[in-house]
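Asker: Got a predicted structure here, sequence first:
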Amino acid sequence: MIVDELRIIGSTQTNVVMAAELTRIARRALGVRPPTPRKEGLGQLVLPFDKDLAWAAVTYMRTPTRVVWDVYRSRATRLEPLYDELVGDIRDDGRALLRDGDGLSIEARRVEAFAAGERQIVGTVKNALIDAAARRGIRLHVDPHDPTLHWVARMDDRGELVVSIDLGGGSLSQRGWRRDAGEAPLREHLAAVLLMLCRFDPRSDILVDPMCGSGTIPLEAVLAARATPRLAPALDALGLARPAAALFPDAAPLVIGCDLDLAVLAAARDNARAAGIADQVVWQRGDATQLRPEIIADIARERGHAGGTGVLLANPPYGERLDEADLHQLYGRLADACHRFRGWRAGFLVGNPLLEQAFFPALGAPRIKKPLANANLRAYFYLYDL
């Protein structure tokens, strides 16, 4: 079956955040409010395909992991009828999805329920694309390293196989600026999700990451504030590309990354240079548990910022390299530091319930407690009003 849907995919429990970002981006980039998306599962949005909205989503959204164009759907449960159905659909498809000489790669995801292995499904989809295109006089070839288009076959929640074009060409979480990941890095798209959950307003809030590591949260804060565009070769191949510039080029948030480890701060600076924002983040050596509002106020004055309040946002240790007693003590001291920042908000993504227990005496219950996954680790996001 030929279908025509735009699918935005993110981590579990990010549907609402992605929908809010899509609305913000579409209104600024296109001057329109997008239609209300259909939510599938806890981490996918589906809309009727629109070339302008697809361009805006791939170019500017930072909270998803992928943006794909669903083009074919099959209820087949075996390889032979799947091949036959896809060949017929591709043959009859009037959309200009394929060009003579294109290279392609195919990936299979979530296909455990199909009555064939992943490699067999990949081979079947590949053969259907190449054979059906050949019948239309279009020559395609496999190019796993530098494909013109990256195709994805996956099972949906209804048990149907959906064939899609990955408009971003792979994971959108990999921004291209990371030179040194450090230990246990936070994924880039998840940092963008945390910033939205904190309701970080770059026009007025100061953003401080007291345990910045390789700098993911501070860098995302600056890039998201400006809505910095990304390039996606698949858009050009499909005729969907258009000129793109930062949507908020004048945004100049005060963003501060702190860490006790000088080597880690040096790596964060390298990442900032690679992202083209070397002078847009203040890097400060210091112990997160000793952080005080006076230090931040001094930095604000030096940068010509009005100061005031803002957001403390961090991805603190979960306990892989600390025993329980030391971790509880660290969390308790971090809570004491947060308590000094009256009027601020504090957000933490952590995979250990000890943080909530240690924070309660000083800060009470969190305003938001939301399950999120950080890579393969189950975690929670906590937001406190200080």
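Answerer: Received, thanks.
Asker: Arg285 and Glu220, how far apart?
Answerer: The gap separating Arg285 from Glu220 is 21 Å, by Cβ to Cβ, to the nearest Å. In this view, the C-beta of every residue, glycine as well, is placed from N, C-alpha and C.
Asker: my bad, should have said Leu247
Answerer: From Leu247 to Glu220 the distance is 15 Å (Cβ to Cβ).
Asker: Look at the two and report which has more neighbours.
Answerer: Using other Cβ atoms under 10 Å as the criterion, Leu247 and Glu220 rank with Glu220 on top: 28 against 19.
Asker: show me the contacts for the more buried one.
Answerer: Glu220 is in contact with Arg62, Glu188, Ala191, Ala192, Leu195, counting by Cβ atoms under 8 Å, 6 or more residues apart in numbering.
Asker: just Gly103 next, same as before
Answerer: Shown in contact with Gly103 (Cβ under 8 Å, 6+ apart): Leu140, His141, Val142, Asp143, Asp146, Pro147, Thr148.
Asker: roughly how far apart are the residue lying closest to Gly364 once chain neighbours are set aside and Leu265?
Answerer: Nearest non-adjacent residue to Gly364, counting by Cβ to Cβ, 6 or more residues apart in numbering: Tyr384, 7.8 Å away. According to Cβ to Cβ, Tyr384 and Leu265 sit 26 Å apart.
Asker: can you list contacts of stretch 236-253?
Answerer: Taking Cβ under 8 Å, 6+ apart as the rule, stretch 236-253 contacts 25, 28-29, 51, 54-55, 59-60, 69, 96-97, 99, 102, 148-149, 165, 167, 202-203, 205-207, 221-222, 225-229, 232, 235, 280.
Asker: top of the contacts of Glu220 by neighbour count?
Answerer: Greatest neighbour count in those, by other Cβ under 10 Å, goes to Ala192: 28 neighbours.
Asker: which other helices and strands contact the helix or strand hosting that one?
Answerer: Assigned by DSSP states H and E, Ala192 belongs to helix 188-197. Using 3 or more Cβ pairs under 8 Å, 6 or more residues apart in numbering; DSSP states H and E as the contact test, the elements touching helix 188-197 are helix 15-29, helix 216-226, strand 345-350, strand 368-374, strand 377-385.
Asker: quick one, the shortest one and strand 368-374 angle?
Answerer: Spelled out, it's strand 345-350. 40 degrees (axes from the mean of the first three to the mean of the last three Cα atoms, to 10 degrees).
Asker: Could you list the alpha-carbon positions for strand 345-350 in PDB?
Answerer: What follows is strand 345-350, C-alpha atoms only, in PDB (Å, rounded to 0.1, in the frame of the first residue of the first chain):
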ATOM      1  CA  ARG A 345      14.500  26.100  38.800                       C
ATOM      2  CA  ALA A 346      16.600  23.000  39.100                       C
ATOM      3  CA  GLY A 347      16.400  20.000  36.700                       C
ATOM      4  CA  PHE A 348      18.200  16.700  37.000                       C
ATOM      5  CA  LEU A 349      18.200  13.500  34.900                       C
ATOM      6  CA  VAL A 350      19.400  10.700  37.000                       C
END
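Asker: Tell me which other helices or strands it touches.
Answerer: So strand 345-350, by 3+ Cβ pairs under 8 Å, 6+ apart, packs with helix 188-197, strand 310-314, strand 377-385.
Asker: okay, the ones you listed, which one's buried deepest?
Answerer: strand 310-314 (a mean of 26; mean count of other Cβ atoms under 10 Å).
Asker: contacting residues around stretch 108-123?
Answerer: Identification of contacts with stretch 108-123 by Cβ under 8 Å, 6+ apart yields 77-79, 82, 106-107, 124-125, 152-155, 159, 161.
Asker: mind running it again at 7 Å?
Answerer: Applying Cβ atoms under 7 Å, 6 or more residues apart in numbering, the contact partners of stretch 108-123 are Thr77, Arg78, Leu79, Ile106, Val152, Ala153, Arg154, Met155, Gly159, Leu161.
Asker: what's the answer for stretch 23-43, then?
Answerer: For stretch 23-43, the external contacting residues (Cβ under 7 Å, 6+ apart) are 9-15, 19, 22, 45-48, 52-53, 56, 60-61, 157, 227, 247.
Asker: and those residues, which of them are in strands?
Answerer: Applying DSSP state E to the contacts of stretch 23-43, the entries found in strands are Ile9, Leu45, Val46, Leu47, Pro48.
Asker: Mind checking which of those residues are buried?
Answerer: Among these, those classed as buried by 16 or more other Cβ atoms under 10 Å are Ile9, Leu45, Val46, Leu47.
Asker: Quick one, which of the contacts of stretch 236-253 are buried?
Answerer: Buried members of the contacts of stretch 236-253, counted by 16+ other Cβ under 10 Å: 25, 29, 54-55, 59-60, 69, 97, 102, 148-149, 165, 167, 202, 205-207, 221-222, 225-229, 232, 235, 280.
Asker: any idea how far stretch 118-135 is from the chain center?
Answerer: On the basis of Cα atoms, centre = their mean, to the nearest Å, stretch 118-135 sits 30 Å off its chain's mean C-alpha point.
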